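Engineer: Need coordinates for the below:
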Amino acid sequence: MPRPPAPGGGDIRALPPPVGATSAPWGPSLNAVHVVIAPDCFTGTLTATQAAEAIAAGWSRAAPHCVLTQVPLSDGGPGFLDVLAHGLTGEMLAVTVSDPLGREVPASVLVVDNGGERTAYVESAQAAGLHLLAASERDPGVTTSYGVGQLLLAAQAAGARRIVVGLGGSGTNDGGAGMLAALGVGSRDDLGRGGLALADLGPDALDVLDGVATDWSEIDLVAATDVDNPLLGMHGASAVFGPQKGASPELAQDLENALGRFADRVWSHLPRRTDLLSGRPVRLDKEPGAGAAGGLGYGLLVLGGRRESGVDLVLDALDFADLVAAADLLVTGEGSFDWQSLRGKVVSGVARAGLAAATPALVIAGRVAVGRREAMAAGLSGTYAVVSRPDDEEAAFADPVGTLTDRAARVAATWAPPPRAHAGDETPATPSSADASDPAYRGDDRGNKPAP
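Structural biologist: Residues are numbered from 1 along each chain as shown. Here you go, the predicted model:
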């Protein structure tokens, strides 16, 4: 992509600012560092946009000579629609849908026309999100995905021939049954009362499923998620994600049994699909991603949908590769950088983009639970925790913006010290104020050094 000249002349690699660039005045210096700040949300405390702003504020404070571009990201979970709306030209339609307990809540559909094709983007968490429930209301046995079906109907009514559904952050575990009820597959009493009610599903409850699935097969349905769990089993929706939504071990087992019965009913009402390589029937409940968002992935597969990487879809939509190619450094982040982060989450997507362009990438996270070797293997040059000691946790939750801003400032002092003075300059550049005793100066709290 063409690079605009830097202020004062020259061809320094100035980043284009399509999604909120910020910079401080600087002269034509080869020491100027161009930083793309591309975090995910910090679940429960900061949206991706708020996190990007906090990191940018800290970075600018310690390294005002840098040019910054903020690119908030999502892998399909909460914030998916806001992130896309920052980078895509389209119309945001306001709708009203049911939350996991049947209460009306506002939601949106982003409609984008591109090359004669109309695409609608919806965020399942706006209708089925865990954040819509108070702590005392979190019971995946009774919560429903009915509102997600209402979002699909709104997207269809807008004329979309392709509907992308961001999956993640759900408070439901009903296998997408509530969503299917909203689309007319069955009654709300049968399918829209939560996962546990599926244990009593009668043999005729899904009689019109085949016809509804045929109608929706004319629309390109995309489940945007990086979760590859199946619907059932020890790696399934109930066993892995149920406890995060309030399920006790006993409830998780009951939900597993109920979803198994639901999957059997679906199997008996849909035409058999055959795997072209093995010649065996395809069990949709065993497909990767079927267990995403409490089984919403399964519901979309039943309608003929397909799964795509959520983070890759967002990166492609925002032309992230072009931004990375023009950058010197990538900074990403999330609430907890752990083993799940390495399985297709935002952090791993940013790291892959950096590797492809030979651009170093760092992560600033609320917590870091990944070792140096694993982080380097994923393409990260440094990992930095906001909460490095138990005593830090209370302060981080009390002031998430301030603590993230301060951490970013310390990281910036390490990675982007002020440029050296040039011949003829009257005043030498001020050396970095980073204290060698600060964990950020050493690279991270696990003793990792920043890459040269």
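Engineer: Neighbours of residue 371, how many?
Structural biologist: 12 (other CB atoms under 10 Å). From N, CA and C alone the C-beta is placed, and that goes for glycine too.
Engineer: er, residue 57 I mean
Structural biologist: Count around residue 57 with other CB under 10 Å applied: 18.
Engineer: Is it correct that residue 120 falls within a helix?
Structural biologist: No: read with DSSP: H, G, I helix; E, B strand; the rest coil, residue 120 is strand and lies in no helix.
Engineer: what about it, distance to residue 380?
Structural biologist: Distance of residue 120 to residue 380, given as CB to CB, to the nearest Å: 34 Å.
Engineer: between these two, who's got more neighbours?
Structural biologist: residue 380 (29 against 26).
Engineer: check contacts around the more buried one.
Structural biologist: Applying CB atoms under 8 Å, 6 or more residues apart in numbering to residue 380 gives the contacts 347, 351, 361-363.
Engineer: Is it possible to get a markdown table of those that adds pLDDT?
Structural biologist: Formatted as a markdown table, the contacts of residue 380 follow (pLDDT from 0 to 100):
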| residue | pLDDT |
| --- | --- |
| 347 | 94 |
| 351 | 95 |
| 361 | 96 |
| 362 | 95 |
| 363 | 96 |
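Engineer: Show me these that map onto strands.
Structural biologist: Judged by DSSP state E, strands contain the following of the contacts of residue 380: 361-363.
Engineer: Buried among the residues you listed? Make that a ChimeraX selection.
Structural biologist: Applying 16 or more other CB atoms under 10 Å to the ones in strands among the contacts of residue 380, the buried members can be selected in ChimeraX as follows:
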select :361,362,363
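Engineer: quick one: which of the ones in strands among the contacts of residue 380 is nearest residue 134?
Structural biologist: Taking CB to CB as the measure, residue 134 sits nearest to residue 363 out of the ones in strands among the contacts of residue 380, at 31.3 Å.
Engineer: Hmm, that closest one is touching residue 347, no?
Structural biologist: Yes: between residue 363 and residue 347 there is a contact under CB atoms under 8 Å: 5.3 Å.
Engineer: how about low-confidence regions in this protein?
Structural biologist: 1-31, 420-452 (pLDDT under 70).
Engineer: Show me it divided up by domain.
Structural biologist: 21-73+318-442, 80-312 (automatic domain parsing).
Engineer: Quote the end-to-end distance of the longest one.
Structural biologist: Distance between the boundary residues of domain 80-312 (CA to CA, to the nearest Å) amounts to 12 Å.
Engineer: wait, doesn't residue 152 sit right on residue 121?
Structural biologist: No: with contacts defined as CB under 8 Å, residue 152 does not count as touching residue 121, sitting 11.7 Å away.
Engineer: For the biggest strand by length in the chain, buried residues please.
Structural biologist: Longest strand in the chain, counting residues (DSSP E): strand 104-114. Buried positions in strand 104-114, judged by neighbour count with 16+ other CB under 10 Å: 105, 107-112.
Engineer: Strand partners (parallel or antiparallel) of that strand?
Structural biologist: strand 91-98 (antiparallel), strand 117-123 (antiparallel) (DSSP bridges).
Engineer: picking that back up, quick one: which of the buried residues of strand 104-114 is nearest to residue 202?
Structural biologist: For the buried residues of strand 104-114, the closest approach to residue 202 (CB to CB) belongs to residue 105, at 30.4 Å.
Engineer: Count residues in the vicinity of the nearest residue to that closest one once chain neighbours are set aside, would you?
Structural biologist: Spatial nearest neighbour of residue 105, excluding adjacent residues (CB to CB, 6 or more residues apart in numbering): residue 99 at 4.5 Å. By other CB under 10 Å, 21 other residues sit near residue 99.
Engineer: repeat for residue 415
Structural biologist: Neighbours of residue 415 under the rule other CB under 10 Å: 26.
Engineer: So which residues of the stretch 151-300 of the chain form helices?
Structural biologist: 177-182, 188-191, 209-216, 249-269, 296-302 (DSSP state H, counting those that start in this stretch).
Engineer: Could you pull out the buried residues of the longest one?
Structural biologist: Using 16+ other CB under 10 Å as the test for burial, helix 249-269 gives 251-252, 254-256, 258-260, 262-263, 265-266, 269.
Engineer: CA atoms of it as CSV?
Structural biologist: Only the C-alpha atoms of helix 249-269 are listed here, as CSV (Å, rounded to 0.1, in the frame of the first residue of the first chain):
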residue,chain,number,x,y,z
PRO,A,249,-20.9,-30.6,38.1
GLU,A,250,-24.4,-32.2,38.6
LEU,A,251,-26.1,-29.6,36.3
ALA,A,252,-23.3,-30.0,33.7
GLN,A,253,-24.0,-33.7,33.5
ASP,A,254,-27.8,-33.2,33.3
LEU,A,255,-27.2,-30.7,30.5
GLU,A,256,-24.9,-33.1,28.7
ASN,A,257,-27.7,-35.7,28.8
ALA,A,258,-30.3,-33.2,27.6
LEU,A,259,-28.2,-32.0,24.7
GLY,A,260,-27.5,-35.6,23.8
ARG,A,261,-31.3,-36.3,23.5
PHE,A,262,-31.7,-33.1,21.4
ALA,A,263,-28.9,-34.1,19.1
ASP,A,264,-30.5,-37.5,18.6
ARG,A,265,-33.9,-35.9,17.7
VAL,A,266,-32.1,-33.6,15.2
TRP,A,267,-30.3,-36.6,13.7
SER,A,268,-33.6,-38.4,13.2
HIS,A,269,-35.3,-35.4,11.4
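Engineer: Okay then, goodbye and thanks.
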